[in-house]
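Pasted the sequence and its predicted model underneath.
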Amino acid sequence: MKLRLLAKKSLISRRSTAILTIFSIAMSVALLLGVEKVRVNAQSSFANTISGTDLIVGARSGSIQLLLYSVFRIGDATNNISFKSYQDIAQQKGVKWTIPISLGDSHRGFRVMGTSRDYFSVYQYGEKRTLEFASGKQFEGVFDAVIGAEVANALNYAIGDQVIVSHGTGSASFAQHKDKPFIISGILKHTGTPVDRTLHVSLAGIEAMHVNWQGAVKKRKASKALTEANLQPESITAFLVGLDSKIASFKMQRYINEYKAEPLLAIFPGIALYELWDLMSVAEKALLIISMFVVLAALTGMLAVSLAGLNERRREVAILRSVGASHWHIMGLLITETVLLTVVGILLGLALLYFGIWFAQPIIEKTYGLFIPVTAPNIRELGMVCVLLIASLIVGLVPAYRAYKNSLADGMSIRS
Amino acid sequence: MKNINVTYSHFLLVWALTIVLSCFIGSKAFAADITEIDWEVLIPQDWNPNQAFEDMTDEEYYALSETELVILEQSVQAMFDAAPVVEAFDGQQVRIPGFVLPLEFSDTLLKEFLLVPYFGACTHTPPPPANQIIYGKLKTGTKFESIYLPVWITGTLSTTRSQSELTESGVANGVDVQSAYAMDVQLIEPYIE
Amino acid sequence: MIEPVLKPTLIDLQDVDFAWHAKAEPAIKSAHLQVEKHKHVFLRGASGSGKSTLLNIIGGIVTPQHGQVNIVGHDFCQLKGLQKDRVRADHIGFIFQQFNLIPYLSILENVILPCRFSKLRRDNAIKRSGSVLEEATYLLNRLYPKGKFSFHRTTSELSVGQQQRVAAARALIGQPQLIIADEPTSSLDYDAREAFMALLFDEIKQSGSTLLYVSHDPTHQHLFDSVVDMSLINPHLELAL
């Protein structure tokens, strides 16, 4: 098609401005689609982390907070719950299973979680998927540890390796439980959830670590031996509950919320998740609006460049008119240039986006537990691209109309 | 030759009309099969957990001690938990409005939920009786925006009963009775007044 | 389908009035012009005499407010803009005084431009040389008998004389019926001018095109069949001045 060829040649002759325009569009597209991708994947990352759990119970705090620290390992609990309360509730009629969770320690930036052996057979994620072992098996001895796939990858661990656990959940800790190393007995398969970034040990193991510690300070003289009595946990951070009947969820939740012995909070994971998404949606909307303005800025820049160059193109238009180009041809040429720039900009933007995701993916997963897959654009993203293309068409109408008006006044009089 | 063409196109026309008509009628029939219900009909007529309170006079009520009141309320609550279902709804296609409590997801799409008659069922005490809760399951995940807005749920109800003993009046005799409404959900629509 | 009326005159302007803006003085008033087929007409006129306007009218770029315009058998007053564009593409080749070429196209691409907008000229070119590019190369070779440069080059490096010859090749490709040249040699030096005129006439004689040559320089008048002065065509202009 002659217009496309002319448009292409015309843009190539004005490469430097064309490349700058393409770049600005590319960056705005990468930003817009990047924000959308992060939004969608953050939501599904969270949704995929927990499945099949009817209630999550922790010390009384906010429901979102409880969800975040117990399942997503983000943030910390304000208080623990007594092991006695846990046992009491676990034995209630209607409770099918419970998984205790004990947090507070870490290993080289990865969280250490104390739990029961049932965890590996009962815990579900995604769509009712249970955990699988890539190698090894669950803990049996007090100092056995099962690590997630990401931990194994990042730190290059294998079965039998020793790990030293640190106190606190920071990336570094100067209070280390050096005398009680753990031994890796199992490595889990990749799940795409915070499980991958966790080291799992038994509750006894957590207790054993803290025996002879008073707060964060190790006692000089070991006053307690590692007897079974001493390894009974006194408190846990939270626990997950599965019930015989989902209908009974309300009754159990009320029971736990009104539990007399200590202040507890029981939440529906689904509701807490929606509350979390609600919270995030404000930020998401803001980001989306900002991105759209960036796109608008890029389009405006393109328009400015196009309009600025119109004057020196009056000669070119007159020549084209003389060889038989109609006004539609002229307008078509200018619109084609605009759309062509936008198309190339979009393609470059997509390339930038995917390269960026590929590059940052492991870092983001490690730091935030957020997995952003390199997938093809979804409907919403394609919709955004289409809207951008239509916008570029409309933007192209402005210089096209200007050129038409100029041509009416110029005729074939070639002004210099 | 011409005659054959005419009859052939006539045949096509009649065939097409039949398809269109039957679809129309079929959809109407389908629509007719769905009963719109409200939550009250899900409660069996003969079940009244508040009987004890209703039978009491005002004087008797105020005469109750703290502990007596608690015990009474607890027994009512126990009845709530063990509420019976209306068997007749088993297999029925219904349409009922309510609020969704999400339970399971497929990515960010909703797959399983509990439907209750009012918002905040999990924060109100006492929570709704078991026959005012529907456990809904979707075959394919559906986008679901807000737990704060009511919706119309359309689907096939089923009633389940766990093995247990009931007295004649359907009151639990101390053993946990779990009856429940479940639904194969076909459609979720926003509820507009 | 635009049906041309068969007439011996290729250009027939009767009583044409035209003003560029509604409130401005008309550039052309009661203009008359007739040019027969295959003739070579020298149109003499000073700057401001309305030459450019006349060419715009003949080319169908603008529509006069009053009068009859018949070009290559088509009544321009009856045709819509798109239709006039087509007539111009099919039947008229223009050569301007300067800045004839599109800077971002190569020499060859400039020459074949009319064939992109006219199927008729495209077919003519293919008929004569087998392909549009070959026809363009043929014309360029004729106009540059001593030229040793590649025709794929951009036009920015050409001298003015060379550019004018490329413009001539573009006007000639596909053998349009009418060639309109507006001061094509004004920017050339003496030698280049002579060479240009010789080549142009040679080519026109071969193709049988009608030539309307506009200039204020009478040097080459003798080459033409007839000489017309703008004051005759546009009689009221002196009064306006």
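Arrived safely. Please read these numbers as outputs of a predicted model, since none were measured by experiment.

How about the contacts made by the residue at minimal distance from the centre of chain B?
By CA atoms, centre = their mean, chain B has its centre lying nearest to B:Ile134, at 4.6 Å. The neighbourhood of B:Ile134, defined by CB atoms under 8 Å, 6 or more residues apart in numbering or on different chains, consists of B:42, B:96, B:98, B:114-116, B:153, B:157, B:181-183. Glycine gets a C-beta too; all of them are placed from N, C-alpha and C.

Lowest-confidence member of these, which is it?
Confidence by pLDDT is poorest for B:Leu42 among these, given 86.

Surely that residue and B:Gln132 touch.
Yes. B:Leu42 is within contact range of B:Gln132, at 6.5 Å (criterion: CB atoms under 8 Å).

Quick one: classify the residue positioned nearest the centre of chain A as helix, strand or coil.
By CA atoms, centre = their mean, chain A has its centre lying nearest to A:Leu370, at 3.1 Å. With DSSP: H, G, I helix; E, B strand; the rest coil as the basis, A:Leu370 sits in coil.

secondary structure element for residue 16?
In the absence of a named chain, chain A is used. Per DSSP states H and E: A:Ser16 is located in helix A:15-49.

That was the other one, I meant chain B.
helix B:2-33.

Look up how far chain C lies from the residue nearest to the centre of chain B.
66 Å (CB to the nearest CB, to the nearest Å).

Dig out what that residue forms beta bridges with.
B:Leu115, B:Tyr181 (DSSP bridges).

any idea which helix or strand comes after the helix or strand bottoming out on mean pLDDT in chain B?
Among the helices and strands of chain B, helix B:2-33 carries the lowest confidence by mean pLDDT, DSSP states H and E, at a mean of 64. Sequence-wise, the next helix or strand downstream of helix B:2-33 (DSSP H and E) is strand B:35-36.

For that following strand, give the mean pLDDT please.
On average, strand B:35-36 scores 88.

and what of stretch C:73-90?
Stretch C:73-90 carries an average pLDDT of 91.

Sort out which residues of it are buried, please.
C:73-74, C:76, C:79, C:84-90 (16 or more other CB atoms under 10 Å in any protein chain shown).

Okay, now that stretch: how far is its last residue from its first?
Distance across stretch C:73-90, first residue to last, is 13 Å (CA to CA, to the nearest Å).

Give the full set of residues in contact with A:Thr367.
Residues in contact with A:Thr367 (CB under 8 Å, 6+ apart): none are found.

quick one: is whichever strand or helix holds B:Phe105 near chain A?
Using DSSP H and E, B:Phe105 sits in strand B:93-106. Yes. Contact of strand B:93-106 with chain A (CB under 8 Å from any CB of the partner chain) involves B:101-106.

ok, how many other residues are close to C:Gly208?
Using other CB atoms under 10 Å in any protein chain shown, C:Gly208 has 10 neighbouring residues.

any idea how far it lies from A:Ile247?
C:Gly208 sits 98 Å away from A:Ile247, going by CB to CB, to the nearest Å.

One more: A:Tyr125?
With CB to CB as the criterion, A:Tyr125 and A:Ile247 are 24 Å apart.

More neighbours: which of the two?
Using other CB under 10 Å as the criterion, A:Tyr125 and A:Ile247 rank with A:Ile247 on top: 26 against 21.

Correct me if wrong: that one contacts B:Ile133.
Yes. With contact defined as CB under 8 Å, A:Ile247 reaches B:Ile133; the gap is 5.1 Å.

returning to what we had before: okay, the residue nearest to the centre of chain B: pLDDT?
B:Ile134 is given a pLDDT of 91.

How about A:Phe23?
Model confidence at A:Phe23, given as pLDDT, is 96.

Based on its surroundings, how many neighbours for it?
A:Phe23 is flanked by 16 other residues according to other CB under 10 Å.

Look up how far chain B lies from it.
On the measure of CB to the nearest CB, A:Phe23 and chain B end up 33 Å apart.

Roughly how far does that residue sit from A:Phe268?
A:Phe23 sits 48 Å away from A:Phe268, taking CB to CB as the criterion.

ok, now which ones touch C:Lys84?
Counting by CB under 8 Å, 6+ apart, C:Lys84 makes contact with C:60-61, C:74, C:76.

can you do 7 Å?
The neighbourhood of C:Lys84, defined by CB atoms under 7 Å, 6 or more residues apart in numbering or on different chains, consists of C:60, C:76.

Backbone dihedrals for A:Tyr404, both of them.
With angles defined as degrees, to the nearest 10, A:Tyr404 sits at phi -60, psi -50.

so where's the stretch 51-200 of chain A uncertain?
A:169-175 (pLDDT under 70).

Chain C contacts on that one?
Counting by CB under 7 Å from any CB of the partner chain, no position of the stretch 51-200 of chain A is adjacent to chain C.

residue boundaries of the helices in the stretch 51-200 of chain A?
A:63-71, A:83-90, A:119-122, A:149-155 (DSSP state H, counting those that start in this stretch).

Make TSV out of these and add distance to chain B and mean neighbour count.
Formatted as TSV, those follow (distance: least, CB to the nearest CB, whole Å; neighbours: other CB atoms under 10 Å in any protein chain shown):
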stretch	distance to chain B	mean neighbour count
helix A:63-71	10	22
helix A:83-90	16	16
helix A:119-122	16	17
helix A:149-155	20	20
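
will you turn those into TSV that also has distance to C:Leu232?
Shown next, in TSV, are the helices of the stretch 51-200 of chain A (distance: least, CB to CB, whole Å):
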stretch	distance to C:Leu232
helix A:63-71	92
helix A:83-90	113
helix A:119-122	106
helix A:149-155	93
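
between those, which one is nearest to C:Pro114?
Checking the helices of the stretch 51-200 of chain A against C:Pro114 by CB to CB gives helix A:149-155 as the closest, at 66.2 Å.

what does the closest one contact?
A:108, A:110, A:134, A:157, A:187-190, A:196-197, A:199, A:365-366.

out of those, which are buried?
A:110, A:157, A:187-188, A:196-197, A:199, A:365-366.

Name the nearest of those relative to chain B.
Nearest to chain B among these, counting by CB to the nearest CB, is A:Glu365 at 17.0 Å.

how about low-confidence regions in chain B?
Those would be B:1-8, B:22-32, B:122-125, B:161-179, if you go by pLDDT under 70 across chain B.

Repeat the analysis, applying 80 as the threshold.
Applying pLDDT under 80 to chain B picks out residues B:1-33, B:49-64, B:73-74, B:77-78, B:80-82, B:120-127, B:161-179, B:193.

who in it is up against chain A?
So chain B meets chain A at B:81, B:101-108, B:114, B:121-122, B:125-128, B:130, B:133, B:135, B:147, B:176, B:178, B:180 (CB under 7 Å from any CB).

which of those residues count as buried?
Buried members of the residues of chain B next to chain A, counted by 16+ other CB under 10 Å: B:81, B:101-106, B:108, B:114, B:121-122, B:127-128, B:130, B:133, B:135, B:147, B:178, B:180.

now the helices for chain C?
Remark: helices assigned in chain C by DSSP state H are C:51-58, C:81-91, C:107-111, C:113-117, C:119-129, C:132-143, C:160-172, C:190-207, C:230-233, C:237-240.

roughly how far is the fourth one from the heart of the chain?
Think helix C:113-117. Computed by CA atoms, centre = their mean, to the nearest Å, the chain-centroid distance of helix C:113-117 equals 15 Å.
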